[in-house]
Each structure stands twice: as C-alpha cells, then as structure tokens.
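S.K.: Structure, please.
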Amino acid sequence: MASPCCKDTCCKKVLVDDIAGWIKIYDDGTVERLAPPPEAQQLATSIPPYDVPCNGVTVHDIPADPPLRLYLPAAAPLNGRRLPVLLHFLAGSFCITDPTWAMYHSFYARLAASIPVAGIVSITLPLAPENPLPAAIAAGYAAIDWLKSLARPVLPNEPVPEPTSDPINRLRDVADLSRVFLIGDSNGANLALQVAAGFSTAEPGYWGPVGLAGAILLNPGFTRSAPSRSESTDPMNRYMNQELVGRFLKLALPEGATRDHPYIWPVVGDAPAVPPLLVSIAMLDSLRDRQVEYCNAMRRAGKHVEVVLSAGVDHIFYLKHGLVDSEPENDKTAVRIAELVEDIGRFVGQRCCVARL
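M.R.: Residues are numbered from 1 along each chain as shown. Reported below is the predicted structural model:
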C-alpha cells in the first residue's frame with residue numbers, strides 16, 4: 001500500500017526564502033506572512049476602528065474593493081463648506097503594510113483633525129509577492145472609482161444635510177470630489193504618482209465628478225540601480241535597510257526589472273501629466289538626493305512642484321514618532337511633524353476654491 005502523500009518527503013514544501021522574519025516563500029509558490037518582527041511590532045500594532053470621537057477624529061473600516069480605512073473629522077465644516085478628500089497610499093516597499101497599523105493611525109488621525117478635509121481614505125493595498133505591481137496601482141484606481149460612487153447631484157441653495165452616523169454618508173455629505181489629493185508615504189508616494197499619471201490619460205468624463213487637485217509625496221521612495229551619493233554614505237534607519245528594500249523590490253517589480261523602472265524612478269522620457277505636487281524631503285533621509293533630483297527634473301519640465309525640507313530627521317520620521325523613538329531628538333521630531341502638518345494644510349488650502357454645501 002502506498003504511503004499517504006503527507007508522509008512522502010517529496011511532497012513537503014521547501015522554504016526558499018525568508019525575508020527578515022516578515023515573509024516566507026516556499027518552492028511551490030505559497031507565501032506565509034508572519035507576525036511583524038520584534039523591532040517593528042510597535043509600528044505595526046493594529047488599531048481598531050472607533051466611532052466615538054477621539055482627538056477630534058473617528059476611524060472606520062469600509063468593506064469596499066479594495067478595503068478602505070476612513071478617517072473622519074468629528075467637527076462639522078465651517079460655513080457650510082464642502083471640503084477636499086485625501087486618498088492615501090501606504091509605505092512598505094509594496095510588500096508589507098496595512099492601514100490599521102499604529103504608525104499610520106498616529107499621523108493620519110492627527111492630520112484629519114488638523115487640516116480642512118472631509119476625510120482621509122486609506123487604501124488596503126494588494127501586496128507582493130502574491131500581487132506584484134501594478135496590482136497596487138490598480139487598487140488606487142479602484143479606490144477612485146469608490147469615491148466616484150459617492151457622487152450625488154447637489155441642488156442650488158440645498159440646505160446643509162442633517163448629521164448622520166453612517167461614515168460613508170458623512171463623507172458624501174461634505175466631500176468636494178472635484179478636489180481629491182493623492183498622498184503617499186515612501187513607496188506609497190511612487191504609487192500616488194503612477195495613479196495620477198494614469199488618471200490624466202482617461203477619456204474625458206470617465207472619472208465623473210472626481211478631479212485631482214494635487215499630489216503630496218512624503219519622503220518618496222525614489223531610487224535607481226546606481227546608488228546616489230546620499231544612499232552610498234548614509235545608512236537607512238534601523239527599521240529598513242538597502243538590502244531588505246532590494247529584496248522587497250525584487251518581489252514587487254515585473255520580472256527582470258531593476259530600480260530604474262518607472263515604478264521606482266519615475267523620471268523617464270517625457271514628464272507625465274501630473275497635478276501640482278508637494279514633496280516632503282527629510283534631510284537625513286538616505287533617499288534625499290534622488291528626491292531632489294526628481295523635483296528638479298519636474299520643474300525643468302514645467303511642472304508645479306513645492307518642496308518642504310525637514311532638518312534633522314530621517315525617512316518617514318512622521319510615522320515613527322511616539323511609537324519607537326525615545327532619543328532626545330524626539331522633541332525636535334515633534335516640531336518637524338507639526339511643520340509638516342502645517343505645510344500639507346497650506347498646500348491643500350491654496351489649491352482649493354471654496355465650494356458650498
């Protein structure tokens with residue numbers, strides 16, 4: 001009698017790659033995602049949604065496709081104004097991330113309460129290696145489709161809607177969908193750029209009332225096959241290093257692609273049509289030279305690019321503060337975060353004409 005397959009050693013999966021305790025890949029193509037390693041557990045702690053306001057915000061998980069996390073300001077907009085929406089793309093080198101993580105909640109809940117927006121919509125991205133690029137870009141378009149589905153005719157002199165507890169209706173009632181801003185952290189900024197470029201190529205009217213008013217690139221994950229001077233001389237922070245990022249990018253990019261691929265280095269050929277850009281550069285970020293190079297290239301191509309510099313802080317400093325850092329520069333980091341929130345609010349405000357409910 002033949003032995004059951006489960007006891008046959010030839011049928012056992014063989015581990016072919018273990019990526020820093022985050023992901024295991026087996027010879028049959030299956031992927032096992034592990035709990036975050038100890039050094040990242042505080043960043044990756046899951047924050048549950050809540051509908052009782054905390055620090056001026058409520059947080060809701062929306063079972064859309066893709067799933068979305070929604071940050072809603074608790075305060076009603078002043079003077080019956082309709083307000084813009086921020087569509088958020090996560091960091092994580094396209095492989096490890098989740099919108100419920102504490103690192104995102106700590107910043108984006110604060111941002112939603114601090115600047116004049118109807119809400120911030122954070123996308124649950126399909127992750128590589130199970131879903132390599134451009135799957136995450138397609139998820140961005142699907143999220144815009146979801147925003148498009150919120151549209152309803154607004155009659156002249158229509159009264160302000162009565163408050164509702166339903167989070168989707170709350171967003172619908174105050175959102176000006178003609179003023180959507182894409183915002184991304186690190187490699188999420190790369191995704192925001194790709195979505196913005198594709199958005200501009202759609203047939204007129206395809207996106208209905210949805211319009212892109214700008215893109216906010218926070219410490220974008222721009223790099224190339226040949227490292228820049230800052231990449232060669234400055235180490236990345238202790239939660240991410242060049243070797244680990246390289247392994248993640250290899251899983252996410254099309255087969256055979258390098259870091260010169262437009263997903264990673266978007267300066268290729270003619271500059272794509274993009275909305276006005278705000279680019280945040282941390283002055284201790286090892287990627288800063290490429291970020292500056294990108295901004296200069298876009299300006300030479302006639303694009304509107306605003307740059308904000310944050311001195312004395314490193315890559316995605318605004319997501320880590322209060323969760324993992326205990327060094328004396330914490331107070332300095334807090335100042336830089338407050339400046340960044342102010343800069344984002346200013347950029348959004350400058351690019352928004354007043355719309356009335």
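S.K.: use CA for all of it now, contacts and neighbours both
M.R.: Fine.
S.K.: pretty sure Glu130 is touching Glu32, no?
M.R.: No - if you go by C-alpha atoms under 8 Å, Glu130 and Glu32 don't touch, sitting 10.1 Å apart.
S.K.: Show me what the mean pLDDT comes to for the strand or helix carrying Glu243.
M.R.: Assigned by DSSP states H and E, Glu243 falls within helix 242-252. Regarding helix 242-252, the rounded mean pLDDT is 94.
S.K.: Then stretch 331-349?
M.R.: On average, stretch 331-349 scores 95.
S.K.: Name the residues that touch it?
M.R.: Contact partners of stretch 331-349, identified using C-alpha atoms under 8 Å, 6 or more residues apart in numbering, comprise 84, 111, 114-116, 181, 214, 216, 278, 280, 308, 310-313, 317-318, 321.
S.K.: And the buried ones among these, selectable in ChimeraX?
M.R.: This is how ChimeraX selects the buried members of those, with burial counted by 16 or more other C-alpha atoms under 10 Å:
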select :84,111,114,115,116,181,214,216,278,280,310,313,317,318,321
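S.K.: Among the contacts of stretch 331-349, which lie within strands?
M.R.: In strands, judged by DSSP state E, the following of these are found: 84, 181, 214, 216, 278, 280, 308, 310.
S.K.: Tell me how far the third one lies from Pro167.
M.R.: Translated: Gly214. Noted for Gly214: a distance of 24 Å to Pro167, by C-alpha to C-alpha, to the nearest Å.
S.K.: quick one on the thing from earlier: send over the helix holding Glu243 as CSV, restricted to the C-alpha atoms.
M.R.: Output of helix 242-252 as CSV, limited to C-alpha atoms (Å, rounded to 0.1, in the frame of the first residue of the first chain):
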residue,chain,number,x,y,z
GLN,A,242,19.1,48.8,1.5
GLU,A,243,19.5,45.0,1.4
LEU,A,244,16.0,44.4,2.7
VAL,A,245,14.4,47.1,0.4
GLY,A,246,16.1,45.5,-2.5
ARG,A,247,14.7,42.1,-1.7
PHE,A,248,11.2,43.5,-1.4
LEU,A,249,11.5,45.4,-4.7
LYS,A,250,12.6,42.3,-6.5
LEU,A,251,9.4,40.6,-5.3
ALA,A,252,7.2,43.6,-6.4
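S.K.: Run through who's touching it.
M.R.: Contacts of helix 242-252 (C-alpha under 8 Å, 6+ apart): 19-20, 93-95, 127-129, 131-133, 236, 257-259.
S.K.: If you count neighbours, what's buried in the biggest helix by length in the chain?
M.R.: What stands out as the longest helix in the chain, according to DSSP state H, is helix 330-350. Neighbour-count burial for helix 330-350 flags 333, 336-337, 340-341, 343-345, 347-349 (criterion: 16+ other C-alpha under 10 Å).
S.K.: who touches Leu43 in this structure?
M.R.: 101-103, 320, 323-324.
S.K.: Which ones among those map onto helices?
M.R.: Counting by DSSP H, the contacts of Leu43 contribute 102-103, 320 to helices.
S.K.: Out of those, who's the most crowded?
M.R.: Met103 (25 neighbours; other C-alpha atoms under 10 Å).
S.K.: I'd say that one and Gly322 touch.
M.R.: No - applying C-alpha under 8 Å, one finds Met103 not in contact with Gly322, separated by 9.1 Å.
S.K.: for the residue nearest the centre of the chain, phi and psi?
M.R.: The centroid of the chain falls nearest to Phe89 when counting by C-alpha atoms, centre = their mean (2.1 Å). Dihedral pair for Phe89: phi -110, psi 130, per degrees, to the nearest 10.
S.K.: Bridged to it, which residues?
M.R.: Using DSSP bridges, the bridge partners assigned to Phe89 are Gly184.
S.K.: Local confidence estimate at it?
M.R.: 99.
S.K.: Contacts only, for it.
M.R.: When contacts are counted by C-alpha under 8 Å, 6+ apart, Phe89 is found next to 122-123, 125, 140, 182-185, 188-189, 191-192.
S.K.: For stretch 106-123, give me every contacting residue.
M.R.: Outside stretch 106-123, the residues that reach it (C-alpha under 8 Å, 6+ apart) are 55-57, 59, 66-74, 77, 82-90, 99, 139-140, 143, 171, 174-176, 318-319, 341-342, 344-345, 349.
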